[in-house]
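A.B. asks: Have a look; sequence and predicted model below, questions after that.
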Amino acid sequence: MEINEENLARMVECLTQTFSTDPAQRRPAEHFLEQLEGNANYPVLLLTLTSRTDEQVLPPIKLAAAINLKNLVKRRWKVEDGATDMISSNDRAVIKKEIVDLMLRSPEAVQRQLSEAISIIGKTDFPNQWPELVPYMAEKFKSGDFNIINGVLQTSYSVMRRYEYEQKSDSLWMEIKFVLDNFAMPLTNLFVELMKFAGENINNAEALKVIFSSLVSIGKLFYALNSQDLPECFEDNMAVWMEHFLQLLNFTSPLLETQSDEDIGVLEQVKSQVCENISLYTSKYREEFEPYLEKFVTAVWGLLSTTTLALKYDQMVSHAIQFLSCVAERDHSKKFFESETVLSGICEKVILPNMHLRGCDEEAFSDSPDQWVSQELEGADSETRRRAAVDFVRVLARHFEQRITAVFGAYVQNMLSSYQTNPAECWRNKVAAIYLVTTLSAKGATARHGTTQVNNLVNVTELYTAHIAPELQSANVNQFPIVKAECIKYLISFRSVLSPDVVASALPHLVQLLSADSVVVHSYAGAALDRCLVVKTTNQSSLLQPEQLATLATQAYANCFQALSVSGSEQNEHVMKAVMRITESLKDKVVPFAGGLLTQLVAKLKLVAKNPTKPNYVHYVFESLTVLVKSVCAAVDFNAVEEFDKNLFPVFQDILRDEVDGIIPYIFQILSVMLENQKAAIPDPYFQLLPFILMPALWERSGYVGPMVRLLQSFIEKAPGKIVEENKLNAILGLFNKLNTTRSHDHEGFFLLQCLLLYIPHQTMEEFWPQLFSVMFRRLTANKTTKYMKSLIIFFSFFVVIHSVQKLIELVERLQVGMFGMVLERLVVPELSNIGQSERKLCCVAITNVLCEPSIFSGQYGGNHWQAVLATLVETVELTLDNATMADGGNFFKMDDNPLAFGSSKLMHASKPPLDPLNGQVTSAKIFLAQKLSELSKAQPGQVQARLAQLPQTEQQSLIKYLQQANVSIV
């Protein structure tokens, strides 16, 4: 499309319509923009709109154009292998040429969007396809315009921040070296110049604010550029950087103080970043940093001693304490903290003040419960004073456990005693005491089990009985809510240390606490139920048997849904996860509750479909529905899924019609489960969906691919005849061809192919195999990856078990004479032992059949690799846990640490077990190998024994063991 006024006006009109609250106006505009994405000049049109200064293009339209450009770059700039490039090379060149200058002269809101777009482009193109980016930005430091300098600094950081967390590699270090060569000295010079300007403008408030804003970004860039290794440029200029960092820590200015106790000022941001930077050097570059260490310890201690408890200092104080933790962590630095005076000072001036609740904390508990839960329960509290204080205590306890426990133990006893004397006045003391005890007690923890190793100087059970259980058992669930929350958190933390009986006895009280008015309390109660229900007894059975849990279920479900009706808790993921866990734990005993539970879940689904704001909540709604479908259908003889069809299909159809993107992938997954549980003829509404999920446009959405493959697998399994009759087979094979070209989804294509292999009649598939094998080998040749090679071995194993070794040889050799030998040498030998546990036995059985195929053993088709393949097979068989399954962990999974994007996660309860073409006929891969070798030796007397003798000694010993176990021999 041409870049002209007519098209620009049309774009303005279309972008304006995307603001409409009327779906009839908004959706056509959104679809129109999506359709334009593949058109040449479309991204340049967006860039042009963003840059327009005339009054016809209003600021909201410029921002919308910038957002659309950023989203286009996010979706389309990186081209997956085999995918179509939707952005022309000319458009790419124009964007890279114009976007930096446009970003620098744009308003702040637009600047943020374009800066993110530059970061995304940079991740793909920099430095190889965009080498001028960093030198160009570094040159802008000389402009003297602080608006430009700040824009460049912020954009540079958006490009370079990934150096903080990306895994080390040669290519990454080459990129960083390129950046350092072009950027490190200009950045150092700018830093020195800004420090000079700050001194010259000490009484100029506006100038200081601008200068310190730049210093914040410079500090962040320092951290990013030093994260992987200590660059020579920074080592050579360490004195320059550290002397100025020390000045910044000691710098004070009333002109930079914010009026509010809550608004973080640029001075606090700078000091906070300096503390992060010196923590990095303390942890990673101790020897080089040693000359400066004592000065910084003194400066940070002084900073902590003079800083108030105001909220605006929280991040700075947190990073300052983290620095002291980094210092204390090393044995040779514990000298700074050894004396009784210092330890007492740390306790009184740093630890205790930062563990006690402040007025702003109590307000946050009531007014911002989501943030509180995220920080205190989900571990997103790395920036809080309390978390930093906790980490500092734990580091000190490693060196001085007895002394630290004794010092803090006395404070704990005093605080608990004061609460018992006057609860109304001293409840905050109990909160601090429990928090401190949890800190002192927990020495090792996992996400699955909570605390697993404790401080032997603290009696965790005694404290629970005396001080925690009474709070949980209190009839008044709304009294002292923060105390209640801290006590529930104690139970969550020590659930694996306390005896199973103690944990089980708490469950009825957790059910009651679900009815608390406080969002935090009933969120914690939900989280505790979820985690305690997967605790195992000493004999590895469930904490409560389903029939025992059933006595609590009515009240538990009622209280959960009551909590979900509380204002601010309508999409509470912890409560909904408790619903899922209760339903899962009830197993077949859920049937009496199924009708009411289904009604409640459908109501919640209808509600959330109108305004889905919390991805994890949506996820657990569908997990709850899915486990309910599976449990009920498994427990009853009649076609129970009909009731689910009747209640869920209308809701699903509405969501599909309204294109609620974040929910649609979940619908595909639960439909798979419902389809697989049909015990009668499959209803027509399912088949009406089939053309919809075969639409090519849907397969362009990466988040839809896995769920749609899952649903197609169910269709193939339950209605293979219908697939063939309605001529859908070609469309499905076309999808395989598409998926086969993409690295991210090629394995999904093999899932489809395995399903077709297992369920579609052999004679129907016969004509397609030559072309399919050709497609697979072309991909293997052009774009070989470890994942693809493993997927191919698994597919070949399916093929061997379902058809035969000879049929596989025939198809492979048809492509090129001698190809099967190359498959054995270059695919099976290097990759067989890397196959995952779930498919390993299948592959071992298939490769055993290959080795024992007479034509292979006789030396044809790669038979010269026979011993190498057998050695690899034995190595792989040794890894195999025959007839074993993973220990039942109660299907525990934790997503709280990794917040989901909408619809991006697979439903655990909708997962499809790996297909098993062996159908349980082979119980042991080891015994199967021994039996087949024995049979082969009878047909080839003496020859098998001769070849086995050429194997390495370890593999020979393993084979002798297998033969003994199978009670067979080689002749």
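C.D. replies: Received, thanks. Numbering: from 1, shown residues only.

A.B. asks: quick one: the helices in the stretch 601-750 of the chain?
C.D. replies: Assigned by DSSP state H, counting those that start in this stretch, the stretch 601-750 of the chain shows helices spanning 615-635, 641-658, 664-676, 684-693, 702-718, 720-725, 729-740, 746-759.

A.B. asks: how about these in TSV, adding mean neighbour count, distance to V520 and mean pLDDT?
C.D. replies: Heads up, the C-betas are built off the backbone N, CA and C, glycines and all. TSV is the format used below for these (neighbours: other C-beta atoms under 10 Å; distance: least, C-beta to C-beta, whole Å; pLDDT from 0 to 100):
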stretch	mean neighbour count	distance to V520	mean pLDDT
helix 615-635	23	16	97
helix 641-658	16	31	95
helix 664-676	24	28	97
helix 684-693	14	41	94
helix 702-718	21	32	96
helix 720-725	15	51	94
helix 729-740	18	45	96
helix 746-759	21	40	97
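
A.B. asks: which one of those lies closest to E767?
C.D. replies: If you check each of the helices of the stretch 601-750 of the chain against E767 by C-beta to C-beta, helix 729-740 wins as the nearest, at 10.4 Å.

A.B. asks: okay, the angle between that closest one and helix 702-718?
C.D. replies: Interaxial angle, helix 729-740 versus helix 702-718 (axes from the mean of the first three to the mean of the last three C-alpha atoms, to 10 degrees): 140 degrees.

A.B. asks: returning to what we had before: please tabulate the helices of the stretch 601-750 of the chain in CSV, including the columns distance to L552.
C.D. replies: Converted to CSV, the helices of the stretch 601-750 of the chain look like this (distance: least, C-beta to C-beta, whole Å):
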stretch, distance to L552
helix 615-635, 17
helix 641-658, 25
helix 664-676, 26
helix 684-693, 36
helix 702-718, 33
helix 720-725, 44
helix 729-740, 46
helix 746-759, 39
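
A.B. asks: For G219, give me its contacts.
C.D. replies: The contact partners of G219, taken as C-beta atoms under 8 Å, 6 or more residues apart in numbering, are 270, 273-274, 276-277.

A.B. asks: Narrow those residues to those that are buried.
C.D. replies: 270, 273-274, 276-277 (16 or more other C-beta atoms under 10 Å).

A.B. asks: can you tell me which of those lies nearest to G703?
C.D. replies: Among these, and counting by C-beta to C-beta, the member closest to G703 is E276, at 34.2 Å.

A.B. asks: Poorly predicted segments of this structure, please.
C.D. replies: The chain contains residues with pLDDT under 70 at 81-82, 380-382, 443-455, 880-904.

A.B. asks: Run through the strands of it in chain order.
C.D. replies: In the chain, the strands defined using DSSP state E lie at 442-446, 450-454.

A.B. asks: still on that earlier bit, please flag which of the contacts of G219 sit within helices.
C.D. replies: Using DSSP state H, the subset of the contacts of G219 located in helices is 270, 273-274, 276-277.

A.B. asks: can you list these in TSV and add distance to M576?
C.D. replies: What follows is those, written out as TSV (distance: C-beta to C-beta, whole Å):
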residue	distance to M576
V270	42
Q273	38
V274	42
E276	36
N277	41
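
A.B. asks: ok, those residues vs R778, which is closest?
C.D. replies: E276 (49.8 Å).

A.B. asks: wait, the closest one sits on H319?
C.D. replies: Yes - using C-beta atoms under 8 Å, E276 is in contact with H319, at 5.3 Å.

A.B. asks: thinking again about what came up before, and of the contacts of G219, the nearest to V342?
C.D. replies: For these, the minimum distance to V342 (C-beta to C-beta) is 22.7 Å, reached by V274.

A.B. asks: At which residues are the helices of the stretch 1-150 of the chain located?
C.D. replies: All helices of the stretch 1-150 of the chain, identified by DSSP H, counting those that start in this stretch, fall at 5-17, 23-36, 42-51, 59-76, 89-104, 108-125, 133-139, 146-160.

A.B. asks: V621: which of these is closest?
C.D. replies: For those, the distance to V621 is smallest for helix 23-36, at 22.6 Å, taking C-beta to C-beta.

A.B. asks: Tell me which other helices or strands the closest one touches.
C.D. replies: Counting by 3 or more C-beta pairs under 8 Å, 6 or more residues apart in numbering; DSSP states H and E, the packing neighbours recorded for helix 23-36 are helix 5-17.

A.B. asks: can you rerun that using 10 Å?
C.D. replies: For helix 23-36, the elements it packs on are helix 5-17, helix 42-51, helix 59-76, judged by 3 or more C-beta pairs under 10 Å, 6 or more residues apart in numbering; DSSP states H and E.

A.B. asks: circling back: so which of the helices of the stretch 601-750 of the chain comes closest to Q259?
C.D. replies: Among the helices of the stretch 601-750 of the chain, the nearest to Q259 by C-beta to C-beta is helix 615-635 (37.1 Å).

A.B. asks: Could you figure out how far that closest one is turned away from helix 641-658?
C.D. replies: Orientation check (the same axes, to 10 degrees): helix 615-635 against helix 641-658 gives 150 degrees.

A.B. asks: Mind giving me the packing neighbours of helix 615-635?
C.D. replies: helix 573-586, helix 594-610, helix 641-658, helix 664-676.

A.B. asks: So which of these is nearest H745?
C.D. replies: Nearest to H745 among the helices and strands packed on helix 615-635 is helix 664-676 (13.5 Å), distances taken as C-beta to C-beta.

A.B. asks: Against which helices or strands is the closest one packed?
C.D. replies: helix 594-610, helix 615-635, helix 641-658, helix 684-693, helix 702-718.

A.B. asks: what's the spacing between the fourth one and its chain's center?
C.D. replies: Right, helix 684-693. What separates the centre of helix 684-693 from the centre of its chain is 32 Å, taken as C-alpha atoms, centre = their mean, to the nearest Å.

A.B. asks: Likewise for the last one?
C.D. replies: If you compare the mean C-alpha spot of helix 702-718 with that of the full chain, they lie 22 Å apart, counting by C-alpha atoms, centre = their mean.

A.B. asks: what angle sits between it and helix 684-693?
C.D. replies: Going by the same axes, to 10 degrees, helix 702-718 makes 130 degrees with helix 684-693.

A.B. asks: Pull the CA coordinates from stretch 751-771 and hand them back as PDB.
C.D. replies: The C-alpha coordinates for stretch 751-771 follow below in PDB (Å, rounded to 0.1, in the frame of the first residue of the first chain):
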ATOM      1  CA  PHE A 751       2.100 -35.500  17.800                       C
ATOM      2  CA  LEU A 752      -0.500 -35.300  15.000                       C
ATOM      3  CA  LEU A 753       1.400 -37.700  12.800                       C
ATOM      4  CA  GLN A 754       1.700 -40.300  15.700                       C
ATOM      5  CA  CYS A 755      -2.100 -40.000  16.200                       C
ATOM      6  CA  LEU A 756      -2.800 -40.600  12.500                       C
ATOM      7  CA  LEU A 757      -0.400 -43.500  12.500                       C
ATOM      8  CA  LEU A 758      -2.200 -45.100  15.400                       C
ATOM      9  CA  TYR A 759      -5.900 -44.500  14.500                       C
ATOM     10  CA  ILE A 760      -6.300 -43.900  10.800                       C
ATOM     11  CA  PRO A 761      -6.600 -47.100   8.800                       C
ATOM     12  CA  HIS A 762      -3.300 -48.200   7.300                       C
ATOM     13  CA  GLN A 763      -4.600 -48.500   3.800                       C
ATOM     14  CA  THR A 764      -5.800 -44.900   3.900                       C
ATOM     15  CA  MET A 765      -2.400 -43.500   5.000                       C
ATOM     16  CA  GLU A 766      -0.400 -45.700   2.600                       C
ATOM     17  CA  GLU A 767      -0.400 -43.200  -0.200                       C
ATOM     18  CA  PHE A 768       0.800 -40.300   2.000                       C
ATOM     19  CA  TRP A 769       3.900 -41.800   3.600                       C
ATOM     20  CA  PRO A 770       6.400 -41.300   0.700                       C
ATOM     21  CA  GLN A 771       5.700 -37.600   0.600                       C
END
